[in-house]
Each structure stands twice: as structure tokens, then as C-alpha cells.
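*Asks:* Have a look at this fold, sequence not included:
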């Protein structure tokens, strides 16, 4: 999710820092067995600190490398390959422990579930467009 403040154009960049919350690493939701709920996003909401964004604090540090909330400076972002915002720093635990992968039938069921949910979403969109 990206949030931007509307600013007039300028020769110098307005952006001084970019805050990133990594919610994709080591988090797994499915539509039926583990759907995303509001409480799943509570940590992000707390970190984002919508009541006073100037008092945000990183949960990541050089000593706590599991923190999901991290700040990057403008210079750090510009130095990235192609200025990519596809930023990750957490280690994917599922890749580190290949012995604990779900059984192939479970993976296949999740894939089918996600595909069916996607098809249903498209059917809803098509029905709305036909109205």
C-alpha cells in the first residue's frame, strides 16, 4: 500500500523518506481457512500511527532484523536497482526450512481455492458491468 501527499512539482524531490511495512513475508492467508481480518492489520495500523505520523518508530533495526516496519531514506531508494520499491529485508522462513513445506495436496487445494475465488471476483465484476 502506498500513500502520497499531493505536492506541487519541484526540481528537488519532496520525498525525504519512505516507510515500508512488510506484510508479505512469513504471512499466509487463504480465503477459506485463514482469511485476512482487521485484527491482522492492527500491528501495521499501530506502526503507521495515523494520529501522529511524525512520531513513527521503526520496529526493524540492525539488532532486531525481524521488525516489519522500516524507514528508507530518499538516497537509499534512489540507489536501488531501477529505483525499485519492491523492498524486502525479512528472511522467508518457508524457504529456510524446506522440510516443513505443506504436503503437495494442501498446496494444490490452496491454489484451486485461490483460483476459484479469483474467478468468482471476476464474475462479480462482469455482472456489475452488465448492469
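*Replies:* Thanks, I have it. Nothing here was measured: the structure is a model prediction, and the numbers come from that model.
*Asks:* tell me the domain ranges of this structure?
*Replies:* Domain segmentation of the chain under automatic domain parsing yields 10-90, 101-131.
*Asks:* The lowest-mean-pLDDT helix or strand in the chain: what's the following helix or strand?
*Replies:* When each helix and strand of the chain is scored by mean pLDDT, DSSP states H and E, helix 93-96 comes last, with a mean of 67. Downstream of helix 93-96, the first helix or strand assigned by DSSP states H and E is helix 104-130.
*Asks:* List the buried residues for that following helix?
*Replies:* residue 110 (16 or more other C-beta atoms under 10 Å). (C-beta placed from N, C-alpha, C; glycine too.)
*Asks:* Could you give the average pLDDT over that helix?
*Replies:* Here helix 104-130 scores 89 as its mean pLDDT.
*Asks:* Which other helices and strands does it contact?
*Replies:* Judged by 3 or more C-beta pairs under 8 Å, 6 or more residues apart in numbering; DSSP states H and E, helix 104-130 is in contact with no other helix or strand.
*Asks:* returning to that earlier point: I'd like to know which of the domains of the chain lies nearest to residue 3.
*Replies:* Residue 3 sits nearest to domain 10-90 of all these, at 8.5 Å, using C-beta to C-beta.
*Asks:* Endpoint to endpoint, the closest one covers what distance?
*Replies:* Using C-alpha to C-alpha, to the nearest Å, the end-to-end distance of domain 10-90 comes to 34 Å.
*Asks:* Just want the most central residue of the chain.
*Replies:* residue 23 (3.9 Å; C-alpha atoms, centre = their mean).
*Asks:* Quick check: chain neighbours aside, which residue is closest to that residue?
*Replies:* The shortest distance from residue 23 to any non-neighbouring residue, by C-beta to C-beta, 6 or more residues apart in numbering, is to residue 44 (6.5 Å).
*Asks:* Next secondary structure after whichever strand or helix holds the one you found?
*Replies:* Per DSSP H and E, residue 44 falls inside helix 42-48. Moving toward the C-terminus from helix 42-48, the next helix or strand (DSSP H and E) is strand 69-73.
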